[in-house]
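Peer 1: what would the 3D arrangement of this be:
(2 chains)
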Amino acid sequence: MSELEPAYPWIAFSMGILITMLVSVVRIDTKRPAQIFALLTLVVTLFLSMSVNVETPQSLFNGVFEISALTTTALSLLCGLGIFFIIGTSRYLTKEEIHLSDYYHLLLILILGASVLICSKDLLVTFIALEVMSLPAYTLAGFRRNDSRSNEAAIKYFILGGVVGAVFLLGASFIFGATGTTHLSEIYTWSQKAQGDLTLFYMGHILILISFLFKVAAVPFHFWKPDVYEGSPTSVTGIMATVMSTASFVVLARILHIADFKSPELAPYFETLKQLIRVAAVLSLIIGSAIVITQTNLKRMLAYSSISHTGYVLLGLLGSMNQPDLIYSVWIYLFGYSLMTCGLFVLVSQSEPKLDAGVELIDLTGLMKKQPFNVVMWSLFLFSMAGMPFTIGFFTKYFVFISSVNTGEVFYVVIAALCAVVSAYAYLRPIALMVMRDADPSAAEWKGSVASHSVVAVSAAIVFALGVMPNALIHLLKGIPLQH
Amino acid sequence: MSWSMVAFSAFSTIAIISSIFVILKKNPVSSAFSLILVFFSFAGLYAVMGAHLVAALQIMVYTGAIMVLFVFVIMLLNADTPVLDLKESGGLFKAITTFGVIGLLGILLKTVLRAKEIQATGNLTEDKINELGGNFKVISEALFTDYSFHFELASFLLLGAIVATVALAKRKSLKGSSV
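Peer 2: This next block holds a predicted model:
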């Protein structure tokens, strides 16, 4: 029994990355080995992470690495998403001529960074893990080298990501200056007896908060998202929307619970903080839902939709700030949102590439006659996005609303419900186009491999099953607290 | 005035003057060389403060590696003709930049004015470091004990950066020959 035993999933993951790289160097003539070993790595990590005993949360490596129900569940989710995307978008990568070994190496490193980011209990580790996650993402965003939009996405993402990293470091250094430590648990104990002028701590906290609001693209830090989503290869956009935002939201939750805000010294600041989150949530909801109905490009539409979903998650976080045990509404949201987004992006990646143009809504016309099975899948995911009953999307919104109502934020729930109604138009319009309109002459062809169809079917089945019987998921996620 | 005060004033004057040159010079090569001078004087400032390792790293990493790359890129792009001209930019841009700079200066000034009130919070004072065997020893010990996880994670960051660079640098993907 080694003391490292709880960390085996992560150790196996890192070993798997190295082995994948070695294998692809040995078999230089084909990309299959990289793909197969990447899948193997993720599958092994998935099983290991589900078998870790996490009854008592522990911190390894001097307390910087948390292993708890939260981090192992998140690792399983990230691995599952990685497996879905690798299987589901293999044909897409071949079509776009980016089916390279490098793609899989970078993808694995990205997921590793995201999973370490979730475990991090130390601001320094958070920063390094953030970079481990972001650096492959910048590169992957620009993988379609012959497309100017892909290059634009990569350079925009890279420069803004660099700024975000700098802002985070500045904030972390302020917090270190104020508290003398970078460990989150030590910052928490410090905050319980903090006195005097705490401006330095507040400034640092606001700065790291801003850097992660940037990462999750909350309004007013959202402007990079549509361009990056549109330009990146569809499979990469899917990874960004699921793996990267899940990890960023977990860190955001940690940042919002960084200190003991119950203490009287910090109470006035806590009110301001809640006000900031309210403003960001409401703006994300309104701007996301208002712009999503004007979009004609599918990936831009999904970008604005994810901005409005950021608003819902922020509402859930707001509820958890008032009452920490309500954090499970955020976990349910992240889980459900990742699943349906994963399915949607695999579906989007099934369109045949057109010269120098993205996937437009018009491409969906007449799909009913060509692929009735896929229309059902599209509808299920879009219904789930809109929050219709019998899909997981209903429960994700339901629990966020419940947690907000319970903590007295009724006004914001009303706004969120109105926004949900407005954005439902955007989600129902593609279905109407698919079912009611005949194929437009300029509409693209849709062709998916068996693998990608089965990935879509599996995630649709999960989205539907959890929408009918959410008890198991809720029971699992309800027992996951945020450790201090 | 002690010698460290003299050295501090000298280095900071050089740093300020050369950083002004960095943005005023229209020739990118002159700007780059002014920036090297800025980094050198920073190294001097660190040395004055007793952080000899940081001073050495500053010269090795920034002056030795990063700036040489800068100059190389400028040379390879053949960008020695003056192209940067802020006169082209609009009034709004200038206004925002000015406000931004003034705001930043204000924050810096406030920090400097309050510097006496802010206490160093860590337990490693200059005397303590000397007692423990100097900067190098303290940092290397911390790096391989308390910060070993950070160190390992950073190695994955570098690995990712290498793969990313290779992936981007291969201009055209030759069918069947990628690593």
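Peer 1: how far does stretch A:208-227 stretch from start to finish?
Peer 2: Using CA to CA, to the nearest Å, the end-to-end distance of stretch A:208-227 comes out at 24 Å.
Peer 1: so how far is it off the chain centroid?
Peer 2: Averaging C-alpha positions (CA atoms, centre = their mean, to the nearest Å) puts stretch A:208-227 13 Å from its chain's average.
Peer 1: anything in that stretch near chain B?
Peer 2: No: for stretch A:208-227, no contact with chain B is found by CB under 8 Å from any CB of the partner chain; the gap never falls below 14.9 Å. The way it works is simple: take the backbone N, C-alpha and C, and place the C-beta from them, glycine included.
Peer 1: give me the residues contacting that stretch.
Peer 2: By CB atoms under 8 Å, 6 or more residues apart in numbering or on different chains, the residues outside stretch A:208-227 that reach it are A:123, A:130, A:149, A:152-153, A:156-157, A:160, A:164-165, A:167-168, A:171-172, A:175, A:244-245, A:248-249, A:251-252, A:255-256, A:273, A:276, A:280-281, A:283-284, A:287-288, A:300, A:303-304, A:306-307, A:310-311, A:313-314.
Peer 1: at 7 Å instead, please
Peer 2: A:152-153, A:156-157, A:160, A:164, A:167-168, A:171-172, A:245, A:248-249, A:251-252, A:255, A:280, A:283-284, A:287, A:300, A:303-304, A:306-307, A:310, A:314 (CB atoms under 7 Å, 6 or more residues apart in numbering or on different chains).
Peer 1: restricted to helices, list those residues.
Peer 2: A:152-153, A:156-157, A:160, A:164, A:167-168, A:171-172, A:245, A:248-249, A:251-252, A:255, A:280, A:283-284, A:287, A:300, A:303-304, A:306-307, A:310, A:314 (DSSP state H).
Peer 1: so where's chain B uncertain?
Peer 2: Applying pLDDT under 70 to chain B flags the ranges B:1, B:78-89, B:115-124, B:171-179.
Peer 1: run a quick neighbour tally on residue A:345.
Peer 2: Residue A:345: 28 surrounding residues under other CB atoms under 10 Å in any protein chain shown.
Peer 1: which residues touch it?
Peer 2: Residue A:345 neighbours (CB under 7 Å, 6+ apart): A:234, A:237, A:238, A:241.
Peer 1: just want the most central residue of chain B.
Peer 2: residue B:62 (6.2 Å; CA atoms, centre = their mean).
Peer 1: do stretch A:130-142 and chain B meet at all?
Peer 2: Yes: looking at stretch A:130-142 against chain B by CB under 7 Å from any CB of the partner chain, the contacts come from A:131, A:132, A:135, A:136, A:139, A:142.
Peer 1: quick check, nearest of those to chain B?
Peer 2: Using CB to the nearest CB, residue A:139 is the member of those that lies nearest chain B, at 3.9 Å.
Peer 1: and the angle for the host helix or strand of that closest one with helix A:245-256?
Peer 2: Assessed by DSSP states H and E, residue A:139 sits inside helix A:123-141. Helix A:123-141 runs at 160 degrees relative to helix A:245-256, counting by axes from the mean of the first three to the mean of the last three CA atoms, to 10 degrees.
Peer 1: ranges for the strands of the stretch 1-150 of chain A?
Peer 2: For the stretch 1-150 of chain A, the strands defined by DSSP state E, counting those that start in this stretch cover A:58-60, A:65-67.
Peer 1: which helices and strands does the last one pack with?
Peer 2: Using 3 or more CB pairs under 7 Å, 6 or more residues apart in numbering or on different chains; DSSP states H and E, the elements in contact with strand A:65-67 are strand A:58-60, helix A:101-119.
Peer 1: relative to chain B, which of the ones you listed is closest?
Peer 2: Chain B lies closest to helix A:101-119 among these, at 3.8 Å (CB to the nearest CB).
Peer 1: which strands and helices lie in contact with the helix holding residue A:139?
Peer 2: Short answer (3+ CB pairs under 7 Å, 6+ apart): helix A:123-141 packs on helix A:101-119, helix A:148-179, helix B:148-169.
Peer 1: most neighbours out of the contacts of residue A:345, which is it?
Peer 2: Going by other CB under 10 Å, residue A:238 tops those with 30 neighbours.
Peer 1: remind me which residues of chain A are low pLDDT?
Peer 2: Using pLDDT under 70, the flagged stretches of chain A are A:1, A:28-29, A:354-357.
Peer 1: which residue does it have closest to chain B?
Peer 2: In chain A, the residue that lies nearest chain B is residue A:180 (3.0 Å; CB to the nearest CB).
Peer 1: surely residue A:228 touches residue A:155?
Peer 2: No: using CB atoms under 7 Å, residue A:228 makes no contact with residue A:155, being 10.1 Å away.
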